[in-house]
Every structure is written in C-alpha cells, then in structure tokens.
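K.L.:
attaching a predicted model along with its sequence, questions to come.
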Amino acid sequence: MLAELAMAAAGALGGAVATDSWEQIKNGAVRLFRKGGTPAGMVEGWFADAETIAAADAGEAAMTLFCAQWSERFEDLLRARSDLAPDVSGFTEWAMTETARATQRAGTVQHVKGFDHTQQAVLGTGVQHNTFHSVED
C-alpha cells in the first residue's frame with residue numbers, strides 16, 4: 001500500500017515537471033516533506049534534477065530516474081510517518097488535477113509511464129487507474 005501510494009505521488013510530481021503548475025506543485029511537495037520532519041533546504045536540493053530535466057527537455061530515461069528517486073523519498077516519508085498517508089494521497093490528487101489543468105491550458109501532450117499500481121492524470125477531466133506488471137513478473 002505505501003509503495004503504491006509513493007509511486008503515485010512520484011508520478012504526479014514527475015508529470016508536473018515541465019508544466020506551468022510546476023512551482024506550485026514543487027512547493028506543495030516541500031511543505032509535505034517539511035511536515036514529515038525533513039528540512040526544507042534538503043527537499044529543495046532534491047529538486048535540482050527536476051530543474052535540469054525541465055530546462056533540457058530531458059529524455060525518458062532521465063524522467064524514469066527522477067520518478068524512481070522520488071518514489072523512494074515518498075516511501076521513506078511514509079515509512080517514517082505513516083500518519084501522513086492521507087496527506088500524500090491528497091497531494092497526489094491535487095498535483096494530478098493541477099497538472100491536467102496546466103497541460104490543458106498549454107495545449108501540450110503529456111507522456112506518462114506507470115509501473116505496478118499507479119494513478120495517472122488524464123488530459124481533460126477524470127482519473128485513469130492502470131495496473132501494470134512489474135519487471136519481476
């Protein structure tokens with residue numbers, strides 16, 4: 001359960017990187033991790049890769065690595081503070097909604113990859129749930 005929630009949150013964060021909602025969603029993630037006890041400076045430092053990815057329009061491998069790193073961070077947060085699961089879930093829903101709005105306003109296409117159980121923002125309205133097999137399957 002925690003791993004799936006962490007992957008969904010990381011996917012929502014990764015999906016926002018190159019959108020107009022990025023700063024707002026990034027600040028939401030900083031607040032969430034600060035609530036969990038992580039110093040703000042440390043969380044902000046974690047976003048250096050995101051700035052590089054967004055600026056360079058980095059490829060799929062860079063985005064996959066970004067999401068994997070953030071999935072680990074969210075999972076570590078949830079293991080240390082399982083009471084924050086509703087906050088992480090709320091952040092995920094909010095981030096996907098804001099990303100979909102920003103993408104719709106910008107008229108761009110968003111490519112999202114999911115692994116295992118994940119939730120992805122859909123261009124337009126709604127939420128799409130997918131189940132993928134892991135690499136081990």
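P.N.:
Now that the structure is in, tell me what you want to look at.
K.L.:
could you list the buried residues of the helix or strand hosting Ala95?
P.N.:
Using DSSP states H and E, Ala95 sits in helix 85-106. Neighbour counts using 16 or more other CB atoms under 10 Å place 87-88, 91-93, 95-96, 98-100, 102-103 of helix 85-106 among the buried residues. Where C-beta positions appear, they are placed from N, C-alpha and C, glycine not excepted.
K.L.:
any figure for the gap between Ala100 and Ala9?
P.N.:
Distance, Ala100 to Ala9, using CB to CB, to the nearest Å: 16 Å.
K.L.:
sorry, that was for Lys35
P.N.:
For Lys35, the distance to Ala9 - CB to CB - is 14 Å.
K.L.:
who's more crowded, the two?
P.N.:
Set Lys35 next to Ala9 and count neighbours by other CB atoms under 10 Å: Ala9 wins out with 29 against 13.
K.L.:
what about the strand or helix carrying the more buried one, average pLDDT?
P.N.:
Ala9 is part of helix 2-16 when elements are defined by DSSP H and E. Average pLDDT, helix 2-16: 88.
K.L.:
do stretch 35-47 as well
P.N.:
Stretch 35-47 carries an average pLDDT of 91.
K.L.:
touching, Phe33 and Asp76? I think so.
P.N.:
No. Between Phe33 and Asp76 there is no contact under CB atoms under 8 Å: 9.8 Å.
K.L.:
more neighbours, these two?
P.N.:
Applying other CB under 10 Å to Phe33 and Asp76 shows that Phe33 carries more neighbours, namely 22 against 15.
K.L.:
pull the contacting residues for the residue nearest to that one when sequence neighbours are not counted.
P.N.:
Nearest non-adjacent residue to Phe33, counting by CB to CB, 6 or more residues apart in numbering: Val43, 4.4 Å away. By CB atoms under 8 Å, 6 or more residues apart in numbering, the contact list for Val43 reads 29-30, 33-34.
K.L.:
so among these, which ones count as buried?
P.N.:
Burial by neighbour count, judged by 16+ other CB under 10 Å, picks out 29-30, 33 from the contacts of Val43.
K.L.:
among those, which are located in helices?
P.N.:
Among the buried ones among the contacts of Val43, the ones falling in helices (DSSP state H) are 29-30, 33.
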